[in-house]
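S.K.: Below: sequence and its predicted model.
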Amino acid sequence: MTSVVRELVQPILEIESLGVRYGGVVAVDSLNIVIRPGTLVGLIGPNGAGKTSCVDALSGLTRSTGSIRLNGSPIARLSPHRRTRHGLVRTFQSMELFEDLSVFENVLVAAESSRTTKSVARPRERAMAILESVGLQDSAQRSPSTLSNGQRKLMGVARGLASQPQVMLLDEPASGLDVHESRDFGRFLRARVDAGLSALLIEHDMGLVFDICDYIYVLEFGKLIAEGTPTEVRSNRKVIAAYLGEDNYFDSNKDAPSDGAGVETDRP
Ligand SMILES: Nc1ncnc2c1ncn2[C@@H]1O[C@H](COP(=O)(O)OP(=O)(O)OP(=O)(O)O)[C@@H](O)[C@H]1O
Ligand SMILES: [Mg+2]
């Protein structure tokens, strides 16, 4: 999507002046994020930057200030459950699965609770098709406790997709995956977005984020320090400075930093 077209399309999710505090800690400070339909938006930043707090606020799991609009309607006062019903669905950084249900049943619960009529397939068929799409069909009858961390993450994504989200919030879905699994997952997610899903992707694997996202926001100490296309953001001085010293610093970025690229946000 070009920037001109981007500006013309009504956002599916619009976050304005989002704030999250834990006692004296300001975890998210005056954050503005826009997600347009059918786009994949990255949210990156060093450890403790406030990414999970942002998703917790969007999904209603933590108290926040500011405005959150889904398809133009305010949702900040809705319960987490009602936000999910409206199509705002999240995955968790540390997987929260039903351990006493099988992998298939975990996904089926989400498929059955989805009331939308977008899909004509029955919940059982839909659940199995989604498990196949993330490569977990052979593990369908196993207990989640027998899966690797990476597989558990994929199962969480499958469960999220089964509830037919309008916007999916993915908190580090690729952590625990090896390089090949991570790239496969990236291709899979990109294909879902190309088929109409809108998503916010939080991820420390910079190669993945820069490869597949349409637009990226960068947080540091709760504040937005930059936003732009992957090309703009990867050469942004503030972003590079925020990541210096991190082991996984821009794995695939071989370019030298440039001076004015990217849109820096100088919020007070
Ligand atoms: N429940 C909580 N109570 C108090 N402080 C918290 C709580 N959760 C997070 N914080 C603090 O808020 C800040 C933001 O944390 P958050 O988990 O949102 O960061 P993050 O960007 O998701 O980090 P990571 O990349 O490590 O997952 C940190 O300073 C963290 O210590
Ligand atoms: Mg986090």
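M.R.: Here it is on my side, so go on. Ligands and ions are numbered 1, 2, ... in the order given.
S.K.: Can I get the longest helix belonging to the chain in CSV? Just the C-alpha atoms.
M.R.: Taking DSSP state H as the criterion, the chain has its longest helix at helix 179-194. Presented in CSV, the C-alpha positions along helix 179-194 are these (Å, rounded to 0.1, in the frame of the first residue of the first chain):
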residue,chain,number,x,y,z
VAL,A,179,15.4,-19.6,11.9
HIS,A,180,13.6,-21.8,9.4
GLU,A,181,10.4,-22.1,11.4
SER,A,182,10.5,-18.4,11.9
ARG,A,183,10.7,-17.7,8.2
ASP,A,184,8.0,-20.2,7.5
PHE,A,185,5.8,-18.5,10.1
GLY,A,186,6.5,-15.2,8.5
ARG,A,187,5.4,-16.4,5.1
PHE,A,188,2.3,-17.9,6.7
LEU,A,189,1.4,-14.7,8.5
ARG,A,190,2.1,-12.6,5.4
ALA,A,191,-0.2,-14.8,3.4
ARG,A,192,-3.0,-14.4,6.0
VAL,A,193,-2.6,-10.6,5.8
ASP,A,194,-2.6,-10.7,2.0
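S.K.: which residues are contacting stretch 135-143?
M.R.: 99, 102-104, 128, 131, 146-147, 151, 154-155, 158, 184 (Cβ atoms under 8 Å, 6 or more residues apart in numbering). The C-beta positions use only the backbone N, C-alpha and C, and glycine is treated the same way.
S.K.: Do me a favour and average the pLDDT over it.
M.R.: In this model, stretch 135-143 has a mean pLDDT of 94.
S.K.: ok, now stretch 50-60?
M.R.: 97.
S.K.: what about that stretch, near ligand 2?
M.R.: Yes - Stretch 50-60 is in contact with ligand 2 by Cβ under 5 Å from the ion, via 51-52.
S.K.: Tell me how many other residues surround the closest residue to Glu203 other than its chain neighbours.
M.R.: Spatial nearest neighbour of Glu203, excluding adjacent residues (Cβ to Cβ, 6 or more residues apart in numbering): Val209 at 5.1 Å. Close neighbours of Val209, defined as other Cβ atoms under 10 Å, add up to 24.
S.K.: Distance-wise, check the residue nearest to Asp29 when sequence neighbours are not counted relative to Ile44.
M.R.: Leaving aside its sequence neighbours, Asp29 sits nearest to Gly222 (Cβ to Cβ, 6+ apart; 4.2 Å). As for Gly222, its distance to Ile44 is 14 Å (criterion: Cβ to Cβ, to the nearest Å).
S.K.: Which SSE is immediately downstream of the helix or strand containing Val109?
M.R.: Assigned by DSSP states H and E, Val109 belongs to helix 103-113. In the C-terminal direction, the helix or strand that comes right after helix 103-113 (DSSP H and E) is helix 123-133.
S.K.: in that next one, what counts as buried?
M.R.: Residues 123, 126-131, 133 are the ones in helix 123-133 that count as buried (16 or more other Cβ atoms under 10 Å).
S.K.: Next, format those residues as TSV and append distance to Ser113.
M.R.: As requested, the buried residues of helix 123-133 are arranged in TSV below (distance: Cβ to Cβ, whole Å):
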residue	distance to Ser113
Pro123	9
Arg126	12
Ala127	11
Met128	17
Ala129	17
Ile130	14
Leu131	17
Ser133	19
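S.K.: Restricting to those residues, which residues neighbour ligand 1?
M.R.: Applying Cβ under 6 Å from any ligand atom to the buried residues of helix 123-133, one finds that nothing falls near ligand 1.
S.K.: Next, the contact list for the residue in the stretch 1-150 of the chain positioned nearest to ligand 2, please.
M.R.: Proximity of the stretch 1-150 of the chain to ligand 2 (Cβ to the ion) peaks at Thr52, 3.1 Å away. If you count contacts by Cβ under 8 Å, 6+ apart, Thr52 has them with 93, 171, 202.
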